[in-house]
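*Asks:* Could you look at this predicted model? Sequence included:
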Amino acid sequence: MVQVAIVGSGFIGRAWAISFARAGNDVALWDQAPSAAAAARNYIVEVLDDLAGFDLLLGQSPEELIERVRIVGNLAEALDGAAHVQENAPEDVDIKRAVFSLIDDMAGSDTVIASSSSALLPSSFTGHLLGKHRCLVAHPINPPYLIPAVEVVPAPWTSPETVDSTCALLTQAGHAPLVMKRELDGFIMNRMQGALLEEAFRLVADGYATVEDIDTGIRDGLALRWSFMGPFETIDLNAPGGVRDYVGRYQGIYRNLFAQMQQRVDWDGPVLDMIERDRRHKLPSERHEERQVWRDRRLMALAAHKTESDNKFGK
Ligand SMILES: NC(=O)c1ccc[n+]([C@@H]2O[C@H](COP(=O)([O-])OP(=O)(O)OC[C@H]3O[C@@H](n4cnc5c(N)ncnc54)[C@H](O)[C@@H]3O)[C@@H](O)[C@H]2O)c1
């Protein structure tokens, strides 16, 4: 068990706190805004009851877990004794550079400094630091206490030890790290999600499918397998002779499609009016928040089911 400092206690910072504390680590919460860390802790208290209801606290009570989350009044206190810092300031390269400078100046020499950045390359905000070798990105999907995958993205100067200790901490906290061999715009998951969204927008924009058709195809089709295995395992199992057999049989179908996919679709062109109209018809704005709560409960139920099935059938 180690000490983790959460720097920036908004949406993602507070969610990381749950994940690290649930695994037995001590978590210090700090935010530049005076009341943000206390607000984050209040939010955590509310979520813990829900998580306990789905048996997602590893047999611990909400009270035991919250005892490991402490609010601190300044950055120095947050960093004191921390083995790992998880930075969650706003997605702005100048802010990240400034926050990383402060942390690198004040943290112990062995402390790893990880950013939750969704899309900024670690080289864009750590190159000026004396301790740049101990900096990297650890990008979660929200909320990390329910979704295990985390993209670990090293800058060219990040040391292998920094990557290893980040992965060890994440794994200990029940996460599934994906380690990039080198940094690239969009990392891995947003590149894959972007490819899917681009095609979804195109199919609607060109009049081949409705918004609901696209959602049905993923929700009631492809995503059923994707919720427990990836695209490579999917194709490996979808031909009697495995992945090579699949490619031999089916590459032709896809090869012909790619030429049609080269033209960019303008997501905020006329297609957006169509998508927004359909979505607001299905989900009026006043029910948006209620549906977000529904989504989080469904995610909790899925996480509980996956854990149970992993144990019963193997991963
Ligand atoms: N929201 C998501 O779904 C999501 C998912 C993955 C990664 N991220 C990344 O996480 C980071 C934080 O995003 P968020 O959604 O939690 O934003 P947020 O606006 O909810 O929280 C940001 C917090 O940072 C604080 N802050 C501002 N300047 C600071 C500073 N100099 N030092 C310390 N704290 C500071 C703010 O007071 C605020 O509480 C971003 O880099 C974002 O790209 C977000």
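*Replies:* Perfect, thanks for sending it. Residues are numbered from 1 along each chain as shown.

*Asks:* For the closest residue to the ligand within the stretch 1-150 of the chain, give me the pLDDT.
*Replies:* The ligand sits closest to residue 10 of the stretch 1-150 of the chain, with a gap of 1.9 Å, by C-beta to the nearest ligand atom. Quick note: C-beta positions are derived from backbone N, CA and C, even for glycine. Looking at residue 10, its pLDDT is 97.

*Asks:* repeat for residue 48
*Replies:* 96.

*Asks:* tell me which element residue 136 is part of?
*Replies:* If you go by DSSP states H and E, residue 136 is part of strand 135-140.

*Asks:* Which parts of the stretch 1-150 of the chain are helices?
*Replies:* Along the stretch 1-150 of the chain, counting by DSSP state H, counting those that start in this stretch, helices occupy 11-22, 36-53, 62-66, 75-79, 93-106, 123-126.

*Asks:* just those helices: most buried one?
*Replies:* Mean neighbour count (mean count of other C-beta atoms under 10 Å) peaks for helix 11-22 among the helices of the stretch 1-150 of the chain, with a mean of 24.

*Asks:* OK, contacts around the spatially most central residue of the chain?
*Replies:* A centroid search over the chain (C-alpha atoms, centre = their mean) returns residue 141, at 1.6 Å, as the residue closest to the centre. For residue 141, the contacting residues are 147, 149, 150, 189, by C-beta atoms under 8 Å, 6 or more residues apart in numbering.

*Asks:* Ramachandran angles for the closest residue to the first one other than its chain neighbours?
*Replies:* With C-beta to C-beta, 6 or more residues apart in numbering as the criterion, residue 147 has its nearest non-adjacent residue at 4.4 Å, and that residue is residue 141. Main-chain torsions, residue 141, degrees, to the nearest 10: phi -110, psi 140.

*Asks:* quick one, the longest helix belonging to the chain and helix 36-53 angle?
*Replies:* Identified as the longest helix of the chain according to DSSP state H is helix 288-313. Computed with axes from the mean of the first three to the mean of the last three C-alpha atoms, to 10 degrees, the direction of helix 288-313 lies at 50 degrees from that of helix 36-53.

*Asks:* Now do helix 288-313: which elements does it pack against?
*Replies:* helix 36-53 (3 or more C-beta pairs under 8 Å, 6 or more residues apart in numbering; DSSP states H and E).

*Asks:* Is any residue of the helix it packs on near the ligand?
*Replies:* Yes. Helix 36-53 reaches the ligand (C-beta under 6 Å from any ligand atom) through residue 36.

*Asks:* Pull up the residues of the stretch 1-150 of the chain that are close to the ligand.
*Replies:* Contacts of the stretch 1-150 of the chain with the ligand, taken as C-beta under 6 Å from any ligand atom, map to 7-13, 31-33, 36, 88-91, 95, 99, 116-118, 139-140, 142.

*Asks:* Selecting buried members of these in PyMOL, what would you type?
*Replies:* Command for PyMOL, covering only those of those found buried under the criterion 16 or more other C-beta atoms under 10 Å:
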select buried, resi 7+8+9+10+12+13+31+36+88+89+95+99+116+117+118+139+140
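
*Asks:* Can you name the residues bridging to the residue nearest to residue 17 when sequence neighbours are not counted?
*Replies:* Nearest non-adjacent residue to residue 17, counting by C-beta to C-beta, 6+ apart: residue 27, 4.8 Å away. Note on residue 27: beta-bridge partners by DSSP bridges are residue 4, residue 69.

*Asks:* Could you count how many residues lie near residue 27?
*Replies:* 28 (other C-beta atoms under 10 Å).

*Asks:* sorry, back to before: now tabulate the helices of the stretch 1-150 of the chain in TSV and tack on distance to residue 240.
*Replies:* Shown next, in TSV, are those (distance: least, C-beta to C-beta, whole Å):
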stretch	distance to residue 240
helix 11-22	40
helix 36-53	42
helix 62-66	48
helix 75-79	56
helix 93-106	49
helix 123-126	45
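
*Asks:* burial count for the residue in the stretch 201-315 of the chain that the ligand sits nearest to?
*Replies:* Relative to the ligand, the nearest point of the stretch 201-315 of the chain is residue 292 (11.8 Å; C-beta to the nearest ligand atom). Look at residue 292: counted by other C-beta under 10 Å, it has 10 neighbours.

*Asks:* sorry, back to before: buried subset of the contacts of residue 141 as a PyMOL selection?
*Replies:* Buried residues among the contacts of residue 141 (16+ other C-beta under 10 Å), as a PyMOL selection:
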select buried, resi 147+150
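
*Asks:* Apart from its neighbours in sequence, what residue is nearest residue 300?
*Replies:* residue 54 (4.4 Å).

*Asks:* Please name the residues that touch residue 36.
*Replies:* Here residue 36 is in contact with 9, 10 (C-beta under 8 Å, 6+ apart).
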